[in-house]
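[1] one predicted model, sequence on top.
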Amino acid sequence: MRLLEYESKQILKGYNIAGPRGETVSRGQETSFPPPAMLKSQVPTGGRGKAGGILAAQSAPEMGERLELLFDTPIHGFTPTRILVEEQIELRQEFYLGITYDTAAKLPVAVFSQQGGVDVEALAKQQPGQVVDMHFSPLRRLPSFQARELVSRAGVTGKLLIQLGAVFSRLADVFLDYDATLAEINPMGLAADGRLIALDCHLEIDDDALPRQPEMAQLAKEKGRFAGGRAVSDFERRAQEIDSLDHRGVAGRVIEFPGNLGLIIGGGGASLTAFDAVRQHGGQPANYCEIGGNPSVFKVTELTKHILSKPGVKKIAVIMNVVSNTRVDLVARGVIKGILESGGDPAQSVAVFRVPGAWEEEGFRLLSKYGVPYCDRTVSIDEAARRAAAATTAQ
Amino acid sequence: MTILANSETRVLVQGITGREAASFTKDMLEYGTKVVSGVTPGKKGHTVHSVPVFDTVAQAMAFETADAAIISVPPLMVKEAAQEALLGGIKLLIVVTERVPRRDTVEFLELARETGATVIGPNTLGLISPGVVKLGMAGGPVATVEKAYMPGKVGIASRSGGMTTEIANLLTTNGIGQSTCISVGGDPIVGSNFLELAERFNQDPGTEAMVIFSEPGGVIEEKLAQWVQENRVTMPIIAFIAGRFVDDMPGMRFGHAATIVEGDKGSTKSKIEVFEGAGIRVAHAFSDIVTILREVL
């Protein structure tokens, strides 16, 4: 879960990492914050500056005007419900401070650069010498002396070295205490008066840790923190509802695509494999999905009906890896029932049924009774996908 | 020959009284795996499919020393269970549980490095050395395992548990047997990744080739390619990379700091490029795995 800038800065404040003076304003709300000020759209995405989400205001009328403009400006598909209004600060220098997990080393890694504020990914590529990093132990954390070692490698010395080392150590505490997967201050500004001020902050919280981070779990549930993002289509929303109809197995994670071939595919890895294979063979998927964990007949029935209800979808392909937990016969029954209840003929509506594994004899018996074209484990996932693609492109 | 476990490996199951754990304990016993004990705090004196249950790992180890432990406990209890196993002397740890917080994984993996233990998972179905031993849920009940797996000389490592069995099934139906098949786990950080398992397969006289099932995200494929090149590895490695369509999906973004470390290299396109550059054979269609194996074996 990505926190908004002002939420992240509130957490930093609790760890004695200062940000600019400021307040958040909701739409239609008055602000008494004295200009000049920076106005920052609170949306969960990077690159806000370039997209017009950060504006300066020199006077009160300008501030009113620009606040309104920001509320009306979607940034990468997100519309803010709050704007952060902050003091303008005269800077001498900007730094980059970041902490994340190095998945190969299996450790947290602290990343630092003397050139903050810019696109640090690009900087790391173009001038690798300008970006330094250091792994640390989650058990021993990142003490100031270790952080100073890192910052010093980037060429910082004197009082600034001590300040940055201390702040980095506290950022590591935030990272670990809040179960973050990313804690980034970019830029960290050095003000004309010598203070370090976190001008922007990006925290990502591990979704799997939310059960022990009640404060963050509460935030995650809060509606209206912002609007937008990848719009969930009505088709996808209805599929989510079907998945939550009962707790047995998964028959969801549906993503809509513009094609004509409905897909009931699973589990995770096999769904990726089958989807790629259908497209490689010229098929046009109407949807992506992941089923598994032995979904109930009811769920599969409803999902089948739902996919068949999509305009243009005449056939569905049912493809899974060799299953051991999910029962083949239950998937078969659900698919057949869904087609019958949609007024279709299972022999015509199924492009291919390829789910081998547990209870396959029972499943195959049922499928042949209804004349459904099925295949057993000797037919590979990509061959099944080829047959499905051929069945729909020949329509 | 096998890697990681063999017919002598003695196994302890943590969380054995849970529904899922009890069920895979039964499957393991029927497959011939030596399950010697189980642990569920507060359930000492019970048995699960005749396996004695203890309150602590220390009690279980005093009853009979185990070499491997399988953890199937709720996500927030995994770290402690892992610490208990590792400090109790377990050298092979299989963490089946999903949704373990990343910080916990990193912490118990650090302890595993200190105690010299090997970890598979979290979020793994376990492993199978066909005809020899099965740890965890991999493959399901014996009847299903026997249809999909057969002994042989190809090692499998897969990010997806279901696809571990699917690949084994593809090889078996084409008459190619397997040495050891490992579901490495679907989390961003796992105890044993493709690189570490390739090193083990490469040292195993019973393994002649390795098949990898990879998905978008992460940098380990890059490290594997580098290792193959630097060490002039001659063991054939065949990779299948699923999820090519994910490359075209907007919104699948990594955070800033992560892309610095990983250098923007999680796409399937870049994985295919680094693999092919290092001489790792990429199967562009799933069943090409067999075609390529026939060429190299």
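    Yep, that arrived.

[2] give the contact list for the closest residue to chain B within the stretch 151-300 of chain A.
    Using C-beta to the nearest C-beta, the closest approach of the stretch 151-300 of chain A to chain B is made by A:Gly269 at 2.5 Å. Every residue, glycine included, has its C-beta placed from N, CA and C. Contacts for A:Gly269 (C-beta atoms under 8 Å, 6 or more residues apart in numbering or on different chains) come out as A:321, B:158-163, B:166, B:213, B:215, B:242.

[3] PyMOL command to pick out the buried ones of those residues?
    Remark: buried members of the contacts of A:Gly269, expressed as a PyMOL selection using 16 or more other C-beta atoms under 10 Å in any protein chain shown:
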select buried, (chain A and resi 321) or (chain B and resi 158+159+160+161+162+163+166+213+215+242)
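
[4] which element is the residue nearest to A:Ala277 when sequence neighbours are not counted on?
    With C-beta to C-beta, 6 or more residues apart in numbering or on different chains as the criterion, A:Ala277 has its nearest non-adjacent residue at 3.4 Å, and that residue is A:Ala385. Taking DSSP states H and E as the criterion, A:Ala385 maps to helix A:381-393.

[5] what about that helix, average pLDDT?
    Averaging pLDDT along helix A:381-393 yields 94.

[6] dump it to CSV, keeping only the CA atoms.
    In CSV, the C-alpha atoms belonging to helix A:381-393 read as follows (Å, rounded to 0.1, in the frame of the first residue of the first chain):
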residue,chain,number,x,y,z
ILE,A,381,-1.2,-26.1,-22.0
ASP,A,382,0.0,-24.5,-25.2
GLU,A,383,-1.6,-27.1,-27.4
ALA,A,384,-4.9,-26.6,-25.6
ALA,A,385,-4.5,-22.8,-26.0
ARG,A,386,-3.9,-23.4,-29.8
ARG,A,387,-7.1,-25.4,-30.1
ALA,A,388,-9.0,-22.7,-28.2
ALA,A,389,-7.6,-19.9,-30.4
ALA,A,390,-8.4,-21.9,-33.6
ALA,A,391,-12.0,-22.6,-32.4
THR,A,392,-12.7,-18.9,-32.0
THR,A,393,-10.8,-17.5,-35.0
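
[7] let me see the ranges of the helices in the stretch 151-297 of chain B.
    Secondary structure of the stretch 151-297 of chain B (DSSP state H, counting those that start in this stretch): helices located at B:161-173, B:194-203, B:220-230, B:256-262, B:268-277, B:288-296.

[8] ok, stretch B:219-232 near chain A or not?
    Yes. Looking at stretch B:219-232 against chain A by C-beta under 8 Å from any C-beta of the partner chain, the contacts come from B:219-220, B:223.

[9] filter the residues you listed to the buried ones?
    Using 16+ other C-beta under 10 Å as the burial test, these include B:219-220, B:223 as buried.

[10] now those residues in a markdown table, with pLDDT?
    As requested, these are exported to a markdown table (pLDDT from 0 to 100):
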| residue | pLDDT |
| --- | --- |
| B:Val219 | 87 |
| B:Ile220 | 92 |
| B:Lys223 | 94 |
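
[11] winner for burial among the helices of the stretch 151-297 of chain B?
    Greatest average neighbour count among the helices of the stretch 151-297 of chain B goes to helix B:161-173 (a mean of 27), per mean count of other C-beta atoms under 10 Å in any protein chain shown.

[12] what are the buried residues along stretch A:359-369?
    Within stretch A:359-369, the residues scored as buried using 16+ other C-beta under 10 Å are A:359-360, A:363-364, A:366-367.

[13] give me the distance from it to the chain's centre.
    How far stretch A:359-369 lies from its chain's middle: 39 Å, per C-alpha atoms, centre = their mean, to the nearest Å.

[14] CA atoms only for it, dumped as CSV, please.
    C-alpha atoms of stretch A:359-369 as CSV (Å, rounded to 0.1, in the frame of the first residue of the first chain):
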residue,chain,number,x,y,z
TRP,A,359,-11.1,-36.6,-9.9
GLU,A,360,-10.3,-36.4,-13.6
GLU,A,361,-12.1,-39.6,-14.5
GLU,A,362,-15.4,-38.3,-13.0
GLY,A,363,-14.8,-35.0,-14.7
PHE,A,364,-14.1,-36.5,-18.1
ARG,A,365,-17.2,-38.7,-17.8
LEU,A,366,-19.4,-35.7,-17.2
LEU,A,367,-17.7,-33.7,-20.1
SER,A,368,-18.2,-36.5,-22.6
LYS,A,369,-21.9,-36.9,-21.6
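
[15] average pLDDT for that stretch?
    96.

[16] equivalent analysis for stretch A:333-344, please.
    97.

[17] lowest-pLDDT helix or strand in chain A?
    strand A:226-228 (a mean of 77; mean pLDDT, DSSP states H and E).

[18] so which residues make contact with that strand?
    With C-beta under 8 Å, 6+ apart, strand A:226-228 has contacts from A:4, A:42-44, A:74, A:77-82.

[19] ok, so of those, who is nearest chain B?
    Closest to chain B, out of all of the contacts of strand A:226-228 and judged by C-beta to the nearest C-beta, is A:Gly77, at 8.6 Å.

[20] need the residues of the stretch 51-200 of chain B near chain A, please.
    B:75-76, B:99-103, B:105-107, B:109-110, B:137, B:139-141, B:144-145, B:147-148, B:158-163, B:165-166, B:169-170, B:173, B:186, B:188-189, B:193, B:195.
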